[in-house]
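1. Attaching a predicted model along with its sequence, questions to come.
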Amino acid sequence: MARADLCGDLSGPEDAPLRPEEAEIDATELETRALNDRLRELLLSGVGRVRIKNVCGQRYIGTRLYTPQHLKMDIEIFGTPGNDLAAFLFGHRITVHGNAQDGVGNTMDAGEVVVHGRAGDVLCFSMRGGEIYVRDGCGYRTALHMKEYEDKRPVLVIGGTSQDFLGEYMAGGIVLLLDLENKGHQANFIGTGMHGGVIYLRGSVEDCQLGSHVAHCPVDQSDRKILDHYITKFLERLPEVASRREEIVNSPFVRLTPRSKRPYSSLYTY
Amino acid sequence: MKSFVFPEFQIIRDEQKCGQCRGCERQCAFGTHTYDPVADRLISDETKCAGCQRCVIFCPKHAIVIRPTPSFYRPNASWSREKLDDLKKQAETGGVILTGSGNDKPFRIYWDHMVLNASQVTNPSLDPLREPMELRTFLGAKPDLMDISSQEGVVSINTSLSPNLMVETPVLFSAMSYGAISYNAFRSLATAACKSGTYFNTGEGGLPKEMRQEFGRCAIVQVASGRFGIDAEYLNCSAAVEIKVGQGAKPGIGGHLPGEKVSELVAQTRMIPQGTDAISPAPHHDIYSIEDLSMLITALKEATNYEKPISVKIAAVHNFAAIASGIVRAGADIIAIDGLRGGTGAAPKAIRDNVGIPIELAISSLDRRLRGEGIRNRCSIIAAGGIRCSADVVKAIALGADAVYIGSAALIAMGCTLCQKCYTGKCNWGICTTDPRLTGRLNVEIASQRLSNLISAWSHEIAEMLGGMGINALESLRGNRDHLRGVGLHEWELDVLGIKGAGE
């Protein structure tokens, strides 16, 4: 049944330009699948920008937008999108005017998500590319098993802080937590099993909050360059906090990196 | 530290026959054989021998015999030699003992305690040489009711149907990832699957880009806890997507592909840096409940535009049938269950040998549970873990499976001898390694032919057995336990299997 129409042309242009056509969807009363049907129709009909109003818990927004031609879309969401926003996202741009829920950017490959609010648990799980900017804080299990490969280096910038298990099994990418409310980082078990990537925390962190596979040190000049770059991008996207730029950039930061690329290499015998 | 473990194998070389060609030296990646130019003879270091028999088969003079060593510790029913050896190894290294392939312990093999039926006189048997025998199977959710209408002789189906996989014979190749197995082995499986009208499973190592166009249509692509090599393109080029929750050889634990095996091509396919460990955590950290699983299933359906069936693979463990019921309700189209004897490229021995339940019992419990709940049509069952021959396939289907996965059997068809050293990356047969010197030993054309031959031979045998039972379609055998009888089984085993004892 599903066998005949499987493989279309797999070679699409890498970066299809955004197309100028715009559209708006009112998500009131729309179920998840119906909303995503609508989004896909619009993408295929040549629309490049969509505003979705009254979003209330609809899941997987952005997930069904893969096309062999690599068509791209710019989506603005008003309301609260449901779980798995931008899961498997393939190069689209999503802006949320509101809070996001769990699973934002799950196994995301490319694109950008900006949340003018907070995000829930399992943010950026297994994300391999693209960038996510969250104005406020996020929940547990952030950036678990985030990866990187060649030119794909995922970036997550959080305006607030994360809860426990941040960066577990992290294998690549950059995570930056700005703690703009100066609450201090409360997360425990940070970076257990971490074997790649880097986490920057504004402020400080206690040894007892870190997993045994993580080393921490103050940032140096090259780190400052990276920080400056992504803080600038964060503030461009979230201008509501832009006035604090100088204060943020000049704050002390801690860098967390894995102690080893192979944390379990001595676990086995033959 | 001096090792107190003595060699597992004895190597006997017939010096009369040996022509000092040094073939054995070249064949062995473990470095067992070396040439002594002074004495002009080959010397074998038994401590390095894996018992894979590569040198034995390739010795042009048949001068080598390798057999289990006759050396022994004083026999002791409680302290077997294996227990002593493992203990010594751990005392010497402090590590977890790794092993490969499937459980080799003498758990009861229920296949060998079940016999099949045949027709005599009243319900004549069918001759598969002259009657059409339907082995074609559709895997995926089937509707509760089929609403059909007919207008002017044209019949149309009004019910919306779920995507199904069409398989010409109920045998699929089990998940074996590129990286765990060699590129050539992986490609051989893909080639044979496409040729034989069945499917191969990519495992969690991704699908090399250049293979997608040609082999995507017969690929079941896996999404496992490490999420390696997964993007929308990988998901969309496939025939089906499988979420791997568990594996029969190592239920409940993850896996670490060591950095040594992550070559440039493996790194490309998994989309991770070369030489880093590929760590698959024990659970999917975005799945802590049936609701979470339902979310991933739907996310994958969304990502593939509802065009592909989604399978969920779990290991057969205690109470798994209740979990499987949840998995069906979570939206899975196929459940793959992997039993106690399922194979692996690497697993802690303690787990492989002690965790899980035999697949025969599992198939029966699952089928009955889903039938009891009235949801059996909502998913297909693929059984895996210890399927060795066509009769095992027929028995699995009579117990309630829709199809089976074969892993070890497929590797054996390509040359594997179950030496259990897969985790070393030095497979002399070129199957379980990424070393280019070794992978070149496996010729894709020949290996895929061996696999196709196996599928074709089993299909003929399955048709023969069906015909003997007076059945002309595999569908009529599914869950048809009346065609099975137990021999030498306890009452409780007959109950779990749902079969009568022989003679009843």
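-> Alright, I've got the coordinates.
2. and the chain, what are its domains?
-> Just going to use chain A. Taking automatic domain parsing as the reference, chain A has its domains at A:12-73, A:83-258.
3. actually chain B
-> B:9-95, B:161-501.
4. And the ones you listed: which comes nearest B:Asp104?
-> Between B:Asp104 and the domains of chain B, the shortest gap by CB to CB is with domain B:161-501, which sits at 7.4 Å. Any C-beta I mention is one placed from the backbone N, CA and C, and that applies to glycine too.
5. ranges for the strands of the stretch 1-150 of chain A?
-> Assigned by DSSP state E, counting those that start in this stretch, the stretch 1-150 of chain A shows strands spanning A:22-26, A:49-56, A:74-80, A:90-97, A:110-115, A:131-134.
6. Ok, the stretch 1-150 of chain B next?
-> B:9-13, B:33-36, B:41-44, B:64-68, B:96-99, B:114-116, B:137-139, B:148-151.
7. Including mean neighbour count and mean pLDDT, could these go into JSON lines?
-> Formatted as JSON lines, these follow (neighbours: other CB atoms under 10 Å in any protein chain shown; pLDDT from 0 to 100):
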{"stretch": "strand B:9-13", "mean neighbour count": "18", "mean pLDDT": "97"}
{"stretch": "strand B:33-36", "mean neighbour count": "15", "mean pLDDT": "97"}
{"stretch": "strand B:41-44", "mean neighbour count": "18", "mean pLDDT": "96"}
{"stretch": "strand B:64-68", "mean neighbour count": "16", "mean pLDDT": "97"}
{"stretch": "strand B:96-99", "mean neighbour count": "20", "mean pLDDT": "93"}
{"stretch": "strand B:114-116", "mean neighbour count": "19", "mean pLDDT": "98"}
{"stretch": "strand B:137-139", "mean neighbour count": "22", "mean pLDDT": "97"}
{"stretch": "strand B:148-151", "mean neighbour count": "8", "mean pLDDT": "93"}
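8. which parts of the stretch 101-250 of chain A sit against chain B?
-> Taking CB under 8 Å from any CB of the partner chain as the contact definition, the stretch 101-250 of chain A meets chain B at A:103, A:106-107, A:109, A:122, A:125-126, A:128, A:141, A:144-145, A:147-149, A:152, A:168-169, A:171-172, A:193, A:195-196.
9. if we can go back for a sec, now the strands of the stretch 1-150 of chain B as a markdown table including distance to A:Ser162?
-> Shown next, in a markdown table, are those (distance: least, CB to CB, whole Å):
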| stretch | distance to A:Ser162 |
| --- | --- |
| strand B:9-13 | 53 |
| strand B:33-36 | 56 |
| strand B:41-44 | 57 |
| strand B:64-68 | 55 |
| strand B:96-99 | 32 |
| strand B:114-116 | 54 |
| strand B:137-139 | 41 |
| strand B:148-151 | 54 |
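10. Taking the stretch 1-150 of chain B, what residue is nearest to chain A?
-> Taking CB to the nearest CB as the measure, the stretch 1-150 of chain B has B:Gly95 as its residue closest to chain A, at 3.0 Å.
11. Give me the buried entries from the residues of the stretch 101-250 of chain A next to chain B.
-> A:103, A:106-107, A:109, A:122, A:125-126, A:128, A:141, A:144-145, A:147-149, A:152, A:168-169, A:171-172, A:193, A:195-196 (16 or more other CB atoms under 10 Å in any protein chain shown).
12. Check which helices and strands the helix or strand bottoming out on mean pLDDT in chain A is in contact with.
-> Here the helix or strand of chain A ranked lowest by mean pLDDT, DSSP states H and E is strand A:268-269, holding a mean of 74. Here strand A:268-269 touches helix B:81-93, strand B:96-99, going by 3 or more CB pairs under 8 Å, 6 or more residues apart in numbering or on different chains; DSSP states H and E.
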